[in-house]
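Trainee: Give me a 3D structure for the following:
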Amino acid sequence: MRNLGLDIVRFFAVLLVLIRHINPNQISNPILVILQRGGWVGVDLFFVLSGFLISSLFFYEYKRTGDVNIKRFLIRRAFKIYPAFWVLIFFSSFAWARAGNPPSFNTLINELLFIQNYRTGVWGYTWSLAVEEHFYIGFALLIVVLRKYHSNKLFDAIPKCYMAVALTCLLWRYFKITSVEIYNYSQFAFRTHLRMDSLFFGVFLSYLVHFQGLKDRLEKIPGVILTILGVFLLFPAFVFISETQRWIFIWGVSLFYLGSGFLVLGAMKLNSSKYLFLKFLGGIGTASYSIYLWHMPCNIWGLSLLRKVTQPSPAVEIGSYILGAITMGWIMNRLIEVPALRLRDLLFTELPKIKSDSMGQLS
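Mentor: The predicted structure is shown next:
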């Protein structure tokens with residue numbers, strides 16, 4: 001059973017990304033201006049949620065079996081990530097080739113090897129997929145090390161690991177960003193070694209939930225309080241311009257993953273709802289990965305097609321782009337992601353969930 005609250009978090013995370021990528025020249029509404037300014041934190045929200053859920057897969061397995069199967073985890077992740085991503089890259093390459101501007105061999109290789117956050121890729125926004133892919137591999141390797149030195153209590157070192165990663169990333173950002181005379185945020189915003197702490201904070205939260213009783217300790221705190229606190233910590237991203245404020249990518253990203261963590265904990269309390277609107281948002285959230293993959297093709301090519309048949313106003317263009325990206329993502333989720341996951345579950349059966357758990361499907 002899925003957790004509705006976490007699916008709603010997925011929806012708002014991808015919506016923020018969609019708003020972030022609206023053409024600034026189309027925006028006149030002051031609320032949209034503010035949302036676009038800070039919409040990039042939707043990716044940080046995804047990072048924390050991914051770290052939280054991915055590590056939960058290992059924690060579930062460890063609690064049920066006393067060990068973890070790393071090979072099985074990586075194969076199941078591949079079925080989740082690669083098919084939908086490969087379709088996007090194949091389609092994009094074909095479309096650009098038809099237009100007489102095929103991507104170079106190097107950009108294709110960079111994209112397929114998930115190093116596009118260090119080198120030029122086919123799409124600029126897929127840098128976040130590279131960070132997550134590096135996290136999957138890095139966390140699996142960490143477990144190999146923990147298994148060797150902490151076999152009796154495999155995950156007891158997670159808090160120390162998180163603190164080490166958080167401190168290293170923070171210091172690395174500080175010395176790198178303060179050392180440059182001309183600030184170019186893109187040199188620091190997309191690198192795995194500068195953003196990995198967001199994902200590991202999700203791991204740390206998951207550890208506290210699974211092994212330190214955090215979920216029970218939060219039982220008396222209303223989810224709305226945790227949500228308000230999370231929004232408060234994310235608020236500076238919507239006030240300050242990240243492209244010009246150096247402190248945003250030094251200290252701000254740490255603040256924002258803390259805020260994202262509070263949103264995840266607050267959302268975790270919403271197991272289900274009688275309100276159809278919330279169920280609708282959660283349903284869209286289940287397709288957030290495909291929506292993220294296809295939002296820029298809809299933004300660039302979709303709007304280009306629209307302009308060929310009509311002369312839409314900026315408001316119509318914005319609405320068409322967001323609605324089109326959500327619709328396209330939902331369709332591709334059903335056509336590519338869902339069949340791939342069914343095949344995955346057929347070949348590599350998922351461990352049965354603990355009945356008392358309410359965090360939902362983690363695939």
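Trainee: And L226, how close does it get to V9?
Mentor: Here L226 is placed at a distance of 12 Å from V9 (C-beta to C-beta, to the nearest Å). Backbone N, C-alpha and C define where each C-beta goes, glycine included.
Trainee: tell me, what's touching these two both at once?
Mentor: Residues within reach of L226 and of V9 at once, by C-beta atoms under 8 Å, 6 or more residues apart in numbering, are L263.
Trainee: The two: who's more crowded?
Mentor: Remark: of L226 and V9, V9 carries more neighbours, 30 against 20, as counted by other C-beta atoms under 10 Å.
Trainee: Surely the more buried one is in contact with F52?
Mentor: No. The pair V9 / F52 is not scored as a contact, 10.0 Å apart, by C-beta atoms under 8 Å.
Trainee: Between the two, which contacts overlap?
Mentor: Counting by C-beta under 8 Å, 6+ apart, the residues touching both V9 and F52 are V264.
Trainee: Identify the residues contacting I27.
Mentor: With the criterion set at C-beta under 8 Å, 6+ apart, I27 makes contact with V33, Q36, P314, I318.
Trainee: Try it again at 10 Å.
Mentor: Neighbouring residues of I27 by C-beta atoms under 10 Å, 6 or more residues apart in numbering: I19, V33, L35, Q36, P314, A315, I318.
Trainee: mind giving me TSV with those residues and columns for pLDDT and secondary structure?
Mentor: Output for the contacts of I27, formatted as TSV (pLDDT from 0 to 100; DSSP: H, G, I helix; E, B strand; the rest coil):
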residue	pLDDT	secondary structure
I19	97	helix
V33	94	helix
L35	96	helix
Q36	95	helix
P314	91	helix
A315	92	helix
I318	95	helix
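Trainee: Would you reformat these as a markdown table and include neighbour count and distance to F249?
Mentor: A markdown table is the format used below for those (neighbours: other C-beta atoms under 10 Å; distance: C-beta to C-beta, whole Å):
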| residue | neighbour count | distance to F249 |
| --- | --- | --- |
| I19 | 21 | 20 |
| V33 | 13 | 21 |
| L35 | 18 | 20 |
| Q36 | 21 | 18 |
| P314 | 14 | 30 |
| A315 | 13 | 32 |
| I318 | 21 | 27 |
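Trainee: In CSV, list these along with distance to L146.
Mentor: CSV is the format used below for the contacts of I27 (distance: C-beta to C-beta, whole Å):
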residue, distance to L146
I19, 39
V33, 46
L35, 40
Q36, 41
P314, 52
A315, 53
I318, 47
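Trainee: Tell me the one among those nearest to V338.
Mentor: I19 (26.4 Å; C-beta to C-beta).
Trainee: longest helix of the chain?
Mentor: Longest helix in the chain, counting residues (DSSP state H): helix 70-98.
Trainee: May I see the buried residues of that helix?
Mentor: 73, 76-77, 79-81, 83-85, 87-89, 92-93 (16 or more other C-beta atoms under 10 Å).
Trainee: and that helix, what does it pack onto?
Mentor: Counting contacts by 3 or more C-beta pairs under 10 Å, 6 or more residues apart in numbering; DSSP states H and E, helix 70-98 packs against helix 41-65, helix 105-112, helix 127-149, helix 288-297, helix 314-332, helix 338-347.
Trainee: Give me the angle between the fourth one and helix 127-149.
Mentor: Right, helix 288-297. 150 degrees (axes from the mean of the first three to the mean of the last three C-alpha atoms, to 10 degrees).
Trainee: what about helix 288-297, average pLDDT?
Mentor: Over the span of helix 288-297, the pLDDT mean works out to 98.
Trainee: So which bits of the helix or strand bottoming out on mean pLDDT in the chain are buried?
Mentor: Ranking every helix and strand in the chain by mean pLDDT, DSSP states H and E puts helix 186-189 at the bottom, with a mean of 87. Buried residues in helix 186-189, counted by 16+ other C-beta under 10 Å: F188, A189.
Trainee: what does stretch 102-118 give?
Mentor: For stretch 102-118, using 16+ other C-beta under 10 Å, the buried residues are P103, T107, L108, N110, E111, F114, I115, Q116, N117.
Trainee: need those residues in a markdown table with pLDDT and distance to L303, can you?
Mentor: Listed next are the buried residues of stretch 102-118 as a markdown table, based on pLDDT from 0 to 100; distance: C-beta to C-beta, whole Å:
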| residue | pLDDT | distance to L303 |
| --- | --- | --- |
| P103 | 93 | 21 |
| T107 | 95 | 23 |
| L108 | 95 | 25 |
| N110 | 96 | 26 |
| E111 | 96 | 23 |
| F114 | 97 | 28 |
| I115 | 97 | 30 |
| Q116 | 96 | 24 |
| N117 | 95 | 26 |
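Trainee: What lies in contact with the least confident helix or strand of the chain?
Mentor: 40, 43, 117, 124, 127-128, 172-173, 176-177, 180, 194-195, 242-243, 246, 248-250, 253.
Trainee: Direction-wise, compare whichever strand or helix holds P159 with helix 41-65 and give the angle.
Mentor: According to DSSP states H and E, P159 maps onto helix 158-179. Helix 158-179 and helix 41-65 meet at an angle of 160 degrees, taking the same axes, to 10 degrees as the criterion.
Trainee: about what we covered before: which of the helices and strands packed on helix 70-98 sits most buried?
Mentor: Neighbour counts (mean count of other C-beta atoms under 10 Å) averaged over each of those peak at helix 288-297, with a mean of 24.
Trainee: Okay, buried residues for the helix or strand that comes right after that helix please.
Mentor: Remark: after helix 288-297, the chain's next helix or strand is helix 303-309, criterion DSSP H and E. Using 16+ other C-beta under 10 Å as the test for burial, helix 303-309 gives L303, L306.
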